[in-house]
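# turn this into a structure:
(2 chains)
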Amino acid sequence: MQPQNLMQDQEIEGQGPEEMGNEGSAFTINSDQIEAGVKDQMDKTQSGNLDRVLSEGNKLLFGKDTHYQLMDSLQGSADISGDLGNGAFNMMGMLLKSSGNSIPGDVILPAGVILLARASEFINESGIATVTDDDFENAAHIFSVKIMNAYDPDFQEKMKLHAGGGNQQSGPVEGMSQQSEVPQNVGILGR
Amino acid sequence: MPPVAAFGAAIVSSVTVAGLATGAVIVGTGMQLVGKAIGSKTLQKVGSGFSMAGGVGLGVSAFGGMNASKVTGGASKSGGILQTDNMDEMLSSSIKGKSGGLTAFNQAKADTASMNNFKGASNSVGAMGFDSEVFNPELEKSFFQRANETLTKYNPALNIAGGMGEAYMASERMNLEKELLDKKLGFEQQLVDRVDTNNGTPLNINPAFNLNRNPRAYPGILGR
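Numbers count the residues shown, from 1 in each chain, chains lettered A, B, ... in the order given. Below you'll find the predicted structure:
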């Protein structure tokens, strides 16, 4: 869907830009819009890969084996954005592991943020917790930073550069280099 | 980078995934465009963050109207001369649809409308009206500072290390408290002993006479 069409859809529904002044404290995120906007930037191969990852992610999010584990952990959360961001990171770790690290890198972040939006929508609609736009933004930030830091060496270098740390701890710590950040025996939210 | 965050960066997975930055730019561009279209500042902010994470400080304005997948190289190999690395296909596919094969360069046609219109067409690049239209090192710096804080806060290994440190401090504090309580108990016992001794010694009598009296010789009125 083109962004122009999205604009028309919003205006038809009476939620034009001028009526969206309550961002932050409300939840205005629409996962379908994000998916359409992201797919608009992808070619066919990437789009197909994204669909496959989203399908697997949906099974994890809404499958009977994992759904209650995920949602029960969020009930009464004191840090919903942190739990969502970490949950998305752990979920993507599970997807990567179950695929044998075969998920193409260019669909990991798009799939994660779309699944994060879907989970946020569900949590709000089911009343498990309240997720605001700010929570979503923070969760997306946590998710992206953790993914990039875990799997992209260039990002780690940039982190060091911007923090002015130079060559501190540039090599992996002995004995810990093979550790995955995704815990093996904890719940989907890392609890 | 503070040592603690550098430590966190070093102990993450050794698995690297190629193309993450591409994905970050794709999702950043897509979300910023959608956010702009529907007027959602949250989506624009999220998109800007993803673009920054992907290494594109300019955000979507760098791609004004362009397709990110084309920037990063599409998978299609059948589109034309620039999208194939097969020499035979270059020679054949590039002239598909033309009746006379490759034609000689026509100087009269060199001055095309698209070339003349370059200035106008290029105005759209970077003119999308986003806040991140101009590269802003401060913006990038603040993003990475926030990222550093996020990693420090949510890194499980660091939390475990932090938990161990906290447990050590709690143990030390308990030991100190126990020591103080023991001392206090010692003082109180000493006081009780002294009172006991004083009560057991008749006044103005030389203790050498060993005339002690039993302060508890008679039970109290309640038999205590």
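# so how far is A:Asp51 from the closest residue to chain A within chain B?
Nearest residue of chain B to chain A: B:Gly39, at 2.5 Å (CB to the nearest CB). Heads up, the C-betas are built off the backbone N, CA and C, glycines and all. For B:Gly39, the distance to A:Asp51 equals 28 Å [CB to CB, to the nearest Å].
# more neighbours: those two, which one.
Counting neighbours by other CB atoms under 10 Å in any protein chain shown for B:Gly39 and for A:Asp51 shows that B:Gly39 has the greater number, 19 against 14.
# need phi/psi at the more buried one.
phi 80, psi 30 (degrees, to the nearest 10).
# can you show me the strands along chain A?
Counting by DSSP state E, chain A has no strands at all.
# now do the helices in it.
For chain A, the helices defined by DSSP state H occupy A:3-12, A:31-39, A:44-62, A:67-74, A:80-98, A:105-126, A:133-151, A:153-163.
# from memory A:Lys158 sits against B:Met52, does it?
No: applying CB atoms under 8 Å as the test, A:Lys158 and B:Met52 come out as separate, 9.7 Å apart.
# who's more crowded, these two?
Using other CB under 10 Å as the criterion, A:Lys158 and B:Met52 rank with B:Met52 on top: 25 against 20.
# any idea how far chain B is from A:Lys44?
7 Å (CB to the nearest CB, to the nearest Å).
# longest helix of chain B?
helix B:156-200.
# remind me which residues of chain B are low pLDDT?
The model of chain B has pLDDT under 70 over residues B:1-17, B:56-137, B:156-165, B:201-205, B:207, B:211-213, B:215-217, B:219-220, B:223-224.
# gap between A:Arg118 and A:Asn30?
Plainly put, A:Arg118 is 10 Å away from A:Asn30 if you go by CB to CB.
# ranking the helices of chain A by burial, who's on top?
Per residue and on average, the most neighbours among the helices of chain A fall to helix A:133-151, with a mean of 25 (mean count of other CB atoms under 10 Å in any protein chain shown).
# how deep is B:Met169 tucked in, by neighbour count?
Neighbours of B:Met169 using other CB under 10 Å come to 10.
# before we move on, what about the one 4 residues further on?
For B:Arg173, the number of neighbouring residues by other CB under 10 Å comes to 10.
# stretch A:121-140 spans what distance, first to last residue?
Length of stretch A:121-140, first residue to last, CA to CA, to the nearest Å: 14 Å.
# what's near enough to touch A:Asp135?
A:80-81, A:84, A:120 (CB atoms under 8 Å, 6 or more residues apart in numbering or on different chains).
# check B:Arg146 too.
A:His141.
# for A:His141, same thing?
A:85, B:46, B:49, B:146-147, B:150.
# would a markdown table of these with secondary structure be doable?
Shown next, in a markdown table, are the contacts of A:His141 (DSSP: H, G, I helix; E, B strand; the rest coil):
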| residue | secondary structure |
| --- | --- |
| A:Gly85 | helix |
| B:Val46 | helix |
| B:Gly49 | helix |
| B:Arg146 | helix |
| B:Ala147 | helix |
| B:Thr150 | helix |
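# let's have those in TSV, adding distance to A:Met92.
As requested, the contacts of A:His141 are exported to TSV (distance: CB to CB, whole Å):
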residue	distance to A:Met92
A:Gly85	11
B:Val46	16
B:Gly49	17
B:Arg146	20
B:Ala147	17
B:Thr150	16
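# mind giving me the domain split of chain B?
What the record gives for chain B is the domain set B:1-74+B:117-154, B:155-201+B:210-224, from automatic domain parsing.
# just the element for the nearest residue to B:Leu43 once chain neighbours are set aside, please.
Leaving aside its chain neighbours, B:Leu43 sits nearest to B:Gly35 (3.0 Å; criterion: CB to CB, 6 or more residues apart in numbering or on different chains). Assigned by DSSP states H and E, B:Gly35 belongs to helix B:20-38.
# okay, the angle between that helix and helix A:153-163?
70 degrees (axes from the mean of the first three to the mean of the last three CA atoms, to 10 degrees).
# can you redo the helices of chain A as TSV with distance to B:Leu180 and mean pLDDT?
Output for those, formatted as TSV (distance: least, CB to CB, whole Å; pLDDT from 0 to 100):
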stretch	distance to B:Leu180	mean pLDDT
helix A:3-12	67	42
helix A:31-39	58	91
helix A:44-62	53	90
helix A:67-74	41	79
helix A:80-98	38	88
helix A:105-126	49	91
helix A:133-151	43	90
helix A:153-163	42	79
